[in-house]
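1. structure, please.
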Amino acid sequence: MRRAPIRIRSFILATVLVLLLAPTLAGGAAWLIERDHQQAGIRSRLDTAVAYLEAHHAERKGSIQGFASLLDRLDLLAQVVVAGPNTKGLLYVSPALNLLAQKKQAAAGPTNSGQTGKPGTGTPVGTGAASWTDDQRLLPVGTRKSGATLAVDLYYRPASRTTRALVALITGVLVLLAGLAVMVWLAGRWMVAPLTRLSAQVDKVAGGDLTIGVPRSRVGEIANIAQALEGMTAALGESAQQRAEADEARQFLVTSIAHDLRTPLFALRGHLQAIGSRLGNPAVHLQRAEARADALERLIGNLFTYTRDDYTQPALQLEAVPVAELLQEVTADLEHAARLRDNSFVLEGDQTVAVTVDQDRIKRALTNILDNALRYSPAGTPVHLSWAADDEASVEITVHDHGPGIDPDLLPHIFEPGIRGASASDNPDEGAGLGLAIAKRLLEHQHATITARNQPTGGAVINITLKRTRPGDLSLSPPQARNHRALVEQSGRKRWQPLANAATEETARTRRSATARNPRQPPEP
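-> Below you'll find the predicted structure:
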């Protein structure tokens with residue numbers, strides 16, 4: 001189970017609290033322990049002195065001398081009085097204590113000659129700079145008949161507060177130093193070391209090495225930085241891989257286009273040389289040369305379109321247009337090419353369905369798709385175009401040809417540049433494999449989708465999904481985008497043009513014809 005990360009703010013706050021509380025608590029505990037130790041030592045010394053008297057009270061002279069020596073070792077003062085039923089006498093008094101009593105009696109005035117003074121019981125007395133505290137014990141001695149008792153007053157120095165404070169201070173300082181050492185170690189392990197390793201990994205990334213190992217840390221902020229660095233490195237790796245793949249695809253594309261351009265150029269030069277040398281039928285060579293020139297134009301146009309949309313990506317000009325009108329305009333432009341191949345277009349769909357598209361891009365995409373369908377369709381077969389509304393938000397256009405279909409191995413890559421199959425005519429000038437790649441890019445720029453599949457009964461099927469226009473939005477289309485168009489026929493080809501452009505071109509053709517009939521007459525401006 002992964003432990004929860006620690007925030008730097010929480011770590012600093014916990015460090016401050018620990019460094020404040022731990023030495024204080026440790027010093028207080030040391031003060032209490034030292035006090036108990038001192039009190040235990042005092043009780044032990046007092047008990048030792050009393051135990052000596054209990055054991056040696058029968059030995060008068062020897063016990064008194066030993067008791068005095070013991071008191072010196074135990075740093076105690078004592079006054080021992082023996083009291084019986086009829087007698088009372090002083091058995092022993094420490095010299096320092098006796099001297100203190102005499103001084104007090106002298107200061108207090110004359111007293112009875114038989115009275116011996118002693119300090120009050122339980123009160124500290126002073127002897128020089130030292131202070132003493134009294135502890136009184138009563139020890140029964142003798143027999144039941146005599147009933148003698150020893151009254152022992154033991155004086156000891158009280159526990160030293162200075163010692164306790166010093167022990168508490170030293171303990172607190174030691175705990176503070178230990179806490180600082182632990183916090184420094186944790187900071188080094190959780191923050192400094194990971195940051196150092198992160199810095200080294202960043203230097204590796206800056207040097208171009210993306211194979212890094214991101215360090216782990218318990219600190220949340222550092223862990224986030226490490227995750228961000230890991231994500232950035234992964235993104236850079238993916239970007240580098242994509243760039244390498246794009247470069248490889250671009251190199252392949254350039255090589256393929258160079259090969260595809262060389263073939264029609266070589267054939268075109270051969271036909272021109274044959275015409276120049278008057279070999280064969282010049283009309284046949286001229287027709288074939290025009291075909292090769294058309295192939296060159298198509299290759300160069302596709303390459304220009306692919307490159308322009310790859311780097312410039314012009315802004316979209318979205319407008320609403322009926323699908324039927326859009327497909328009619330595109331098929332009209334390709335009608336001449338379809339007649340040359342003995343093919344035709346069959347359109348079927350709801351005439352009222354409209355889509356919101358960039359007309360220029362959608363027409364170029366559809367032109368590439370239909371041109372591809374024509375080139376892979378056998379002679380005499382139609383290309384079917386149908387459309388229907390999937391739902392309230394999208395419209396699907398389907399293009400179905402009757403060709404050999406798409407090679408299953410090429411189907412996942414059919415929209416990649418440079419991918420092409422064998423056409424129905426086996427013509428080496430059929431293209432560089434850019435048509436569907438350009439169509440996919442043009443459609444994706446306006447958030448449309450395109451897919452390809454093989455029809456079980458034969459032929460390829462291309463499905464295009466576009467954004468549907470609500471019926472009330474058709475009025476948003478520019479007038480020239482919908483109704484103000486004319487079908488113009490030029491050089492045997494039909495294409496849709498705005499009325500203004502069609503009139504301009506018709507005027508220009510009239511002027512060119514008049515100039516050709518009368519070369520001396522200058523053309524009208």
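
2. from here on, just use CA atoms for contacts and neighbour counts.
-> OK.

3. what ranges does the stretch 351-500 of the chain have for its strands?
-> For the stretch 351-500 of the chain, applying DSSP state E, counting those that start in this stretch gives strands covering 354-358, 382-389, 394-400, 449-454, 460-469, 485-490, 493-498.

4. the helix or strand harbouring residue 37 packs against which elements?
-> Assessed by DSSP states H and E, residue 37 sits inside helix 8-56. When contacts are defined as 3 or more CA pairs under 8 Å, 6 or more residues apart in numbering; DSSP states H and E, helix 8-56 sits against helix 60-74, helix 161-187.

5. make CSV from those helices and add mean neighbour count to it.
-> What follows is the helices and strands packed on helix 8-56, written out as CSV (neighbours: other CA atoms under 10 Å):
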stretch, mean neighbour count
helix 60-74, 15
helix 161-187, 17
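
6. compare these and give me the one nearest residue 398.
-> Of all these, helix 161-187 sits nearest to residue 398, with 65.3 Å by CA to CA.

7. just the mean pLDDT for that closest one, thanks.
-> Predicted confidence along helix 161-187 averages 92 (mean pLDDT).

8. any idea how far residue 70 is from residue 157?
-> Using CA to CA, to the nearest Å, residue 70 is found at 16 Å from residue 157.

9. likewise residue 24?
-> 28 Å.

10. which helix runs longest in the protein?
-> Using DSSP state H to define each element, the chain has its longest helix at helix 220-276.

11. what is that one packed up against?
-> Short answer (3+ CA pairs under 8 Å, 6+ apart): helix 220-276 packs on helix 193-206, helix 282-311.

12. hey, least reliable of these by pLDDT?
-> Sorting those by mean pLDDT places helix 282-311 lowest, at a mean of 74.

13. how about stretch 270-281 as PDB, C-alpha atoms only?
-> What follows is stretch 270-281, C-alpha atoms only, in PDB (Å, rounded to 0.1, in the frame of the first residue of the first chain):
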ATOM      1  CA  GLY A 270       9.500   9.900 -75.500                       C
ATOM      2  CA  HIS A 271       6.200  11.000 -77.200                       C
ATOM      3  CA  LEU A 272       7.700  14.500 -77.900                       C
ATOM      4  CA  GLN A 273      10.800  13.000 -79.400                       C
ATOM      5  CA  ALA A 274       8.600  10.700 -81.600                       C
ATOM      6  CA  ILE A 275       6.600  13.700 -82.800                       C
ATOM      7  CA  GLY A 276       9.800  15.700 -83.500                       C
ATOM      8  CA  SER A 277      11.300  12.700 -85.400                       C
ATOM      9  CA  ARG A 278       8.000  12.100 -87.300                       C
ATOM     10  CA  LEU A 279       7.800   8.500 -86.000                       C
ATOM     11  CA  GLY A 280       4.400   7.000 -85.900                       C
ATOM     12  CA  ASN A 281       1.100   8.800 -85.900                       C
END
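
14. and it, which residues are buried?
-> Within stretch 270-281, the residues scored as buried using 16 or more other CA atoms under 10 Å are 271-272, 274-275.

15. and if you look at stretch 227-244?
-> The neighbour-count check on stretch 227-244 (16+ other CA under 10 Å) flags 229-230, 233 as buried.

16. please tell me how far that stretch is from the chain's geometric centre.
-> Stretch 227-244 sits 12 Å away from the centroid of its parent chain (CA atoms, centre = their mean, to the nearest Å).

17. what lies in contact with that stretch?
-> 202, 205, 210, 214 (CA atoms under 8 Å, 6 or more residues apart in numbering).

18. switch those residues over to TSV; also include neighbour count and distance to residue 350.
-> Formatted as TSV, the contacts of stretch 227-244 follow (neighbours: other CA atoms under 10 Å; distance: CA to CA, whole Å):
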residue	neighbour count	distance to residue 350
202	18	60
205	17	57
210	18	55
214	20	59
